[in-house]
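Trainee: Give me a model of this one.
(one chain, ligands or ions: 2)
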Amino acid sequence: MVDVVVMKAVGADNLKHADAARKILGENQVVGINLISSPGAGKTTLLERTIKDNPDLKFGVIEGDVFTDRDASRIVSAGAPAVQLNTEGSCHLTAHMIEAVLNKFNLKELDFLIVENIGNLICPSGYDLGENLRVTLLSTPEGSDKVRKYPAAFDSAGLVLITKNDIADVVGFDFAIVADDLAAVNPDVKSIRVSTVSGEGLDKWYECLRKLVDLRDSGEIPKAFKF
Ligand code: MG
Ligand code: ZN
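Mentor: Residues are numbered from 1 along each chain as shown. Ligands and ions are numbered 1, 2, ... in the order given. Alright, predicted model coming up:
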(Lines give C-alpha, C1' and ligand atoms only; values in the text may rest on other atoms or scores of the structure.)
(Ligands and ions follow the chains in the order given, each with its own letter.)
Protein backbone atom coordinates (compact mmCIF):
# COMPACT_ATOMS: atom_id res chain seq x y z
CA MET A 1 0.00 0.00 0.00
CA VAL A 2 1.30 3.43 -0.88
CA ASP A 3 0.17 6.80 0.35
CA VAL A 4 -2.23 8.31 -2.18
CA VAL A 5 -3.22 11.96 -1.89
CA VAL A 6 -5.93 13.41 -4.13
CA MET A 7 -5.46 17.11 -4.87
CA LYS A 8 -6.52 19.53 -7.57
CA ALA A 9 -4.07 21.89 -9.23
CA VAL A 10 -4.22 25.42 -7.86
CA GLY A 11 -2.34 27.97 -9.92
CA ALA A 12 -2.66 30.94 -7.55
CA ASP A 13 0.47 31.95 -5.66
CA ASN A 14 2.42 29.08 -7.20
CA LEU A 15 5.77 30.78 -6.80
CA LYS A 16 5.10 31.50 -3.12
CA HIS A 17 4.41 27.80 -2.50
CA ALA A 18 7.40 26.79 -4.62
CA ASP A 19 9.73 28.98 -2.59
CA ALA A 20 8.22 27.62 0.64
CA ALA A 21 8.78 24.02 -0.52
CA ARG A 22 12.33 24.83 -1.64
CA LYS A 23 13.05 26.41 1.75
CA ILE A 24 11.84 23.32 3.63
CA LEU A 25 13.94 21.07 1.39
CA GLY A 26 17.00 23.28 1.80
CA GLU A 27 16.68 23.37 5.59
CA ASN A 28 16.76 19.57 5.50
CA GLN A 29 19.71 19.40 3.08
CA VAL A 30 17.52 17.83 0.41
CA VAL A 31 17.98 18.57 -3.30
CA GLY A 32 14.71 18.90 -5.23
CA ILE A 33 14.37 17.63 -8.80
CA ASN A 34 11.37 18.05 -11.12
CA LEU A 35 11.12 15.46 -13.93
CA ILE A 36 9.13 16.53 -16.97
CA SER A 37 8.32 14.56 -20.12
CA SER A 38 5.49 13.29 -22.26
CA PRO A 39 3.72 10.08 -21.14
CA GLY A 40 5.80 6.97 -21.68
CA ALA A 41 9.20 8.64 -22.01
CA GLY A 42 10.54 6.46 -19.21
CA LYS A 43 10.50 8.68 -16.12
CA THR A 44 9.45 5.95 -13.69
CA THR A 45 11.76 3.37 -15.22
CA LEU A 46 14.68 5.80 -14.97
CA LEU A 47 13.86 6.41 -11.31
CA GLU A 48 13.62 2.67 -10.53
CA ARG A 49 17.02 2.12 -12.09
CA THR A 50 18.53 5.19 -10.41
CA ILE A 51 17.34 4.08 -6.97
CA LYS A 52 18.66 0.53 -7.42
CA ASP A 53 22.02 1.59 -8.87
CA ASN A 54 22.80 4.15 -6.15
CA PRO A 55 22.10 2.56 -2.77
CA ASP A 56 24.29 5.16 -1.04
CA LEU A 57 22.04 8.01 -2.24
CA LYS A 58 18.71 8.39 -0.49
CA PHE A 59 15.75 9.28 -2.68
CA GLY A 60 12.18 10.18 -1.89
CA VAL A 61 9.74 10.39 -4.79
CA ILE A 62 6.48 12.23 -5.33
CA GLU A 63 4.61 10.59 -8.18
CA GLY A 64 2.15 12.77 -10.07
CA ASP A 65 -0.58 11.10 -12.09
CA VAL A 66 -4.14 11.78 -13.05
CA PHE A 67 -5.25 8.40 -11.69
CA THR A 68 -3.79 5.23 -10.09
CA ASP A 69 -0.98 4.53 -7.65
CA ARG A 70 0.93 2.39 -10.14
CA ASP A 71 4.07 4.52 -10.36
CA ALA A 72 4.39 5.06 -6.61
CA SER A 73 4.06 1.29 -6.11
CA ARG A 74 6.92 0.72 -8.54
CA ILE A 75 9.12 3.22 -6.68
CA VAL A 76 8.39 1.59 -3.32
CA SER A 77 9.25 -1.79 -4.84
CA ALA A 78 12.53 -0.30 -6.04
CA GLY A 79 13.34 0.60 -2.45
CA ALA A 80 12.50 4.28 -1.95
CA PRO A 81 9.69 6.02 -0.08
CA ALA A 82 7.05 7.44 -2.43
CA VAL A 83 3.82 9.38 -2.24
CA GLN A 84 1.30 9.27 -5.06
CA LEU A 85 -0.45 12.51 -5.96
CA ASN A 86 -3.61 11.96 -8.01
CA THR A 87 -5.06 15.05 -9.64
CA GLU A 88 -8.24 13.37 -10.97
CA GLY A 89 -8.16 15.41 -14.14
CA SER A 90 -5.59 18.17 -13.78
CA CYS A 91 -2.79 17.80 -16.30
CA HIS A 92 0.05 19.18 -14.17
CA LEU A 93 1.21 19.47 -10.58
CA THR A 94 1.39 22.75 -8.69
CA ALA A 95 3.71 23.74 -5.86
CA HIS A 96 1.04 23.80 -3.16
CA MET A 97 0.59 20.05 -3.71
CA ILE A 98 4.28 19.44 -3.19
CA GLU A 99 4.38 21.63 -0.11
CA ALA A 100 1.36 19.78 1.29
CA VAL A 101 2.91 16.30 1.09
CA LEU A 102 6.51 17.06 2.16
CA ASN A 103 5.55 16.11 5.73
CA LYS A 104 4.94 12.53 4.53
CA PHE A 105 8.70 12.07 4.11
CA ASN A 106 11.43 11.82 6.68
CA LEU A 107 13.34 14.61 4.95
CA LYS A 108 16.33 14.42 7.30
CA GLU A 109 17.12 11.01 5.81
CA LEU A 110 16.94 12.06 2.15
CA ASP A 111 19.49 13.42 -0.30
CA PHE A 112 16.94 13.96 -3.08
CA LEU A 113 13.24 14.60 -3.32
CA ILE A 114 12.31 13.84 -6.91
CA VAL A 115 8.95 14.87 -8.32
CA GLU A 116 7.80 12.87 -11.31
CA ASN A 117 5.45 15.30 -12.97
CA ILE A 118 2.37 14.26 -14.92
CA GLY A 119 3.35 13.13 -18.42
CA ASN A 120 2.80 16.26 -20.48
CA LEU A 121 5.20 18.52 -22.36
CA ILE A 122 2.93 21.56 -22.19
CA CYS A 123 1.69 23.07 -18.91
CA PRO A 124 3.95 21.37 -16.30
CA SER A 125 6.78 23.58 -17.53
CA GLY A 126 4.89 26.66 -16.32
CA TYR A 127 4.94 25.58 -12.67
CA ASP A 128 7.97 25.81 -10.44
CA LEU A 129 7.52 23.02 -7.89
CA GLY A 130 10.27 24.16 -5.54
CA GLU A 131 12.92 22.19 -7.35
CA ASN A 132 16.63 22.98 -7.55
CA LEU A 133 17.00 21.22 -10.89
CA ARG A 134 14.51 20.63 -13.67
CA VAL A 135 15.17 17.62 -15.87
CA THR A 136 13.28 17.21 -19.14
CA LEU A 137 13.24 13.80 -20.81
CA LEU A 138 12.74 13.19 -24.51
CA SER A 139 12.46 9.57 -25.64
CA THR A 140 13.67 8.61 -29.09
CA PRO A 141 10.35 7.06 -30.28
CA GLU A 142 8.63 10.42 -29.73
CA GLY A 143 10.60 11.86 -32.65
CA SER A 144 13.41 14.37 -32.98
CA ASP A 145 11.12 17.34 -33.70
CA LYS A 146 9.79 17.85 -30.18
CA VAL A 147 12.17 20.49 -28.80
CA ARG A 148 10.88 23.22 -31.14
CA LYS A 149 7.29 22.02 -30.89
CA TYR A 150 7.29 22.19 -27.09
CA PRO A 151 9.98 24.77 -26.35
CA ALA A 152 8.74 25.64 -22.85
CA ALA A 153 9.46 22.10 -21.68
CA PHE A 154 13.05 22.46 -22.80
CA ASP A 155 13.98 26.12 -22.34
CA SER A 156 13.64 25.90 -18.55
CA ALA A 157 15.46 22.57 -18.20
CA GLY A 158 18.75 22.40 -16.35
CA LEU A 159 19.46 19.01 -17.90
CA VAL A 160 17.99 17.08 -20.82
CA LEU A 161 17.95 13.29 -20.91
CA ILE A 162 17.38 11.59 -24.26
CA THR A 163 15.90 8.26 -23.20
CA LYS A 164 15.43 4.92 -24.97
CA ASN A 165 18.70 5.49 -26.79
CA ASP A 166 18.92 1.74 -27.46
CA ILE A 167 16.19 2.04 -30.11
CA ALA A 168 17.29 5.37 -31.60
CA ASP A 169 18.40 3.76 -34.85
CA VAL A 170 15.27 1.67 -35.21
CA VAL A 171 12.99 4.70 -34.89
CA GLY A 172 15.24 6.94 -37.01
CA PHE A 173 15.93 9.47 -34.28
CA ASP A 174 17.99 12.40 -35.57
CA PHE A 175 20.28 13.67 -32.80
CA ALA A 176 21.53 16.57 -34.96
CA ILE A 177 18.05 18.10 -35.12
CA VAL A 178 17.70 17.90 -31.35
CA ALA A 179 21.14 19.43 -30.84
CA ASP A 180 20.31 22.33 -33.17
CA ASP A 181 16.94 22.92 -31.57
CA LEU A 182 18.34 22.79 -28.04
CA ALA A 183 21.03 25.27 -29.07
CA ALA A 184 18.23 27.60 -30.15
CA VAL A 185 15.87 27.27 -27.17
CA ASN A 186 18.31 26.57 -24.32
CA PRO A 187 21.91 27.28 -25.35
CA ASP A 188 24.58 25.19 -23.66
CA VAL A 189 22.18 22.98 -21.71
CA LYS A 190 23.74 19.57 -21.17
CA SER A 191 22.02 16.62 -22.80
CA ILE A 192 22.79 12.99 -22.07
CA ARG A 193 21.77 9.95 -24.11
CA VAL A 194 20.63 7.19 -21.79
CA SER A 195 19.09 3.75 -21.96
CA THR A 196 17.77 1.81 -19.00
CA VAL A 197 17.93 -1.31 -21.21
CA SER A 198 21.61 -1.15 -22.21
CA GLY A 199 22.65 1.02 -19.26
CA GLU A 200 24.34 3.46 -21.62
CA GLY A 201 24.81 6.98 -20.29
CA LEU A 202 23.42 6.26 -16.85
CA ASP A 203 26.83 6.85 -15.29
CA LYS A 204 26.73 10.43 -16.64
CA TRP A 205 23.29 10.99 -15.13
CA TYR A 206 24.51 9.64 -11.80
CA GLU A 207 27.53 11.97 -12.00
CA CYS A 208 25.11 14.88 -12.27
CA LEU A 209 23.29 13.70 -9.15
CA ARG A 210 26.59 13.42 -7.27
CA LYS A 211 27.60 16.89 -8.39
CA LEU A 212 24.43 18.20 -6.77
CA VAL A 213 25.26 16.34 -3.55
CA ASP A 214 28.74 17.91 -3.62
CA LEU A 215 27.23 21.37 -4.04
CA ARG A 216 24.87 20.70 -1.16
CA ASP A 217 27.72 19.49 1.03
CA SER A 218 29.71 22.61 0.23
CA GLY A 219 26.84 24.69 1.54
CA GLU A 220 24.98 25.92 -1.50
CA ILE A 221 22.01 24.13 -2.95
CA PRO A 222 21.45 26.10 -6.13
CA LYS A 223 18.11 27.28 -7.46
CA ALA A 224 17.37 26.62 -11.16
CA PHE A 225 20.69 24.81 -11.55
CA LYS A 226 21.87 24.25 -15.08
CA PHE A 227 24.42 21.67 -16.14
MG1 MG B 1 5.60 7.35 -14.71
ZN1 ZN C 1 -1.97 21.27 -17.09
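Trainee: got the contact list for the residue lying closest to residue 190 once chain neighbours are set aside?
Mentor: With C-beta to C-beta, 6 or more residues apart in numbering as the criterion, residue 190 has its nearest non-adjacent residue at 3.9 Å, and that residue is residue 227. In short, each C-beta sits where N, CA and C put it, glycine included. Residues near residue 227 by C-beta atoms under 8 Å, 6 or more residues apart in numbering: 158, 159, 189, 190, 208, 211.
Trainee: okay if I get these as CSV plus secondary structure?
Mentor: Below are the contacts of residue 227 laid out as CSV (DSSP: H, G, I helix; E, B strand; the rest coil):
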residue, secondary structure
158, coil
159, strand
189, coil
190, coil
208, helix
211, helix
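Trainee: Buried ones among those?
Mentor: 158, 159, 189, 208 (16 or more other C-beta atoms under 10 Å).
Trainee: mind giving me JSON lines with the residues you listed and columns for distance to ligand 2?
Mentor: Output for those, formatted as JSON lines (distance: C-beta to the ion, whole Å):
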{"residue": "158", "distance to ligand 2": "21"}
{"residue": "159", "distance to ligand 2": "22"}
{"residue": "189", "distance to ligand 2": "23"}
{"residue": "208", "distance to ligand 2": "27"}
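Trainee: Could you check how far the residue in the chain that ligand 1 sits nearest to is from ligand 2?
Mentor: Distances between the chain and ligand 1 by C-beta to the ion are smallest at residue 44, namely 3.4 Å. With distances taken as C-beta to the ion, to the nearest Å, residue 44 is found 19 Å from ligand 2.
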